[in-house]
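Trainee: I'll drop the sequence and a predicted model, then ask my questions.
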Amino acid sequence: MRILLTNDDGYFAPGLVALRKYLSKYFKVVVVAPDRDRSGASHSLTVTRPLRVDKIEKDYYAVDGTPTDAVMIALYCLLKQKKPDIIVSGINSGANMGEDVTYSGTVAAAIESTLLGFPSIAVSLAGNESANYLDLKEYSKASQFTRKAINLIVRKGLPDGVFLNINVPMGKNVDTRKYRITQLGKRVYDDVITEKIDPRGERYYWIAGRARVTGKGPDTDFGAVERKLISVTPLAVDTAARDFVKELKTWNF
C-alpha cells in the first residue's frame, strides 16, 4: 500500500521523520512536504509565483510552498502515475484542537487531500508549552496509532468529504489502546496581538497570545487529551450551515 506523507512543519521535522521511519516498515511511503516551517499557513495556496521541488532522496521531496501546495504537486505531478492509497499529514509538533484546526497547515493538508478524493488523516502530538518535541521517542505511540488508523480506514472506509483529526497526548502514561471519539472543543486567546517599537522607531505587531480552554468536556478533543486519551475527531470539509438554510430563505435580500 502506498502512503503519501506530508506536514506543515517542514520535510526535516522530527514528527515526519519518525512517522516515515515507522510506516516504512509496513507500507510504501512517499514524502512530499514543505521545505520550511509553514505552521499557521492554513489552506493557503501559492498562486503568485512558480513553485520548485527539491528531491532530497528517493521518494522524499521538499516543496517551496504551503502544505496545500505540497499535496497538489504530489497528486498532480510527482505521483501522477502512482496515486497513493491514503494521505497522512503529520506528525505535527503540537496539538491541533478546537478552532486551531482552522489555522493549521497540518489539518489543511488533510482537507486538500479529502477534497481531491483521497482518504486522509491529520496527526498531531499534543504537549504543553515546555514539551520536548525533539525527543523522537515521543512520536512512537503516535506513529503506532496512525498505523492502526490507516488499517481501519482501508478496511472500513471514510464517508465522502470526511477525514480524521488525531491528537496524541505526550507522556509515559499514554496507551495506544485508550482513545476517545471526540468533537472539537473551544478555547480563546488573550492578548492576541503584541504591539511594540523596533530599534529604528518603527511600530510592529506580533500575533501570539495566551490560550484559555473554555470548552473541554470529556467528549471534546481538549478533554480527551487532558485525560491522557488519544483524541480522534472526524471532520468534514463541507462547512455549509445546513441548519440555517430554512431560516435564511425567509430573509428578503
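Mentor: Perfect, thanks for sending it. Numbers count the residues shown, from 1 in each chain.

Trainee: Please name the residues that touch Pro218.
Mentor: By C-beta atoms under 8 Å, 6 or more residues apart in numbering, the residues touching Pro218 are 180, 224, 227. All C-beta spots, glycine's among them, are computed from the backbone N, C-alpha and C.

Trainee: so the first one, which of the three states?
Mentor: Looking back up the chat, that one is Arg180. Assigned state for Arg180: strand (three-state reduction, DSSP: H, G, I helix; E, B strand; the rest coil).

Trainee: next one: stretch 18-28 to chain centre, how far?
Mentor: How far stretch 18-28 lies from its chain's middle: 18 Å, per C-alpha atoms, centre = their mean, to the nearest Å.

Trainee: Quick one: end-to-end length of that stretch, please.
Mentor: This stretch, stretch 18-28, spans 15 Å end to end (C-alpha to C-alpha, to the nearest Å).

Trainee: so which of the contacts of Pro218 is the most crowded?
Mentor: Using other C-beta atoms under 10 Å as the neighbour test, the contacts of Pro218 are led by Ala224, with 27 neighbours.

Trainee: That one and Leu164, how far apart?
Mentor: Distance of Ala224 to Leu164, computed by C-beta to C-beta, to the nearest Å: 14 Å.

Trainee: now swap in Arg36 and tell me
Mentor: From Arg36 to Leu164 the distance is 26 Å (C-beta to C-beta).

Trainee: more neighbours, the two?
Mentor: Between Arg36 and Leu164, Leu164 has the larger neighbour count (other C-beta under 10 Å), namely 22 against 15.

Trainee: Go ahead and confirm the more buried one touches Ser124.
Mentor: No: the criterion here is C-beta atoms under 8 Å, and Leu164 misses it with Ser124 at 11.5 Å.

Trainee: before we move on, what SS does the spatially most central residue of the chain have?
Mentor: Central residue of the chain (C-alpha atoms, centre = their mean): Thr106, 2.5 Å from the mean position. Under the three-state scheme (three-state DSSP), Thr106 adopts helix.
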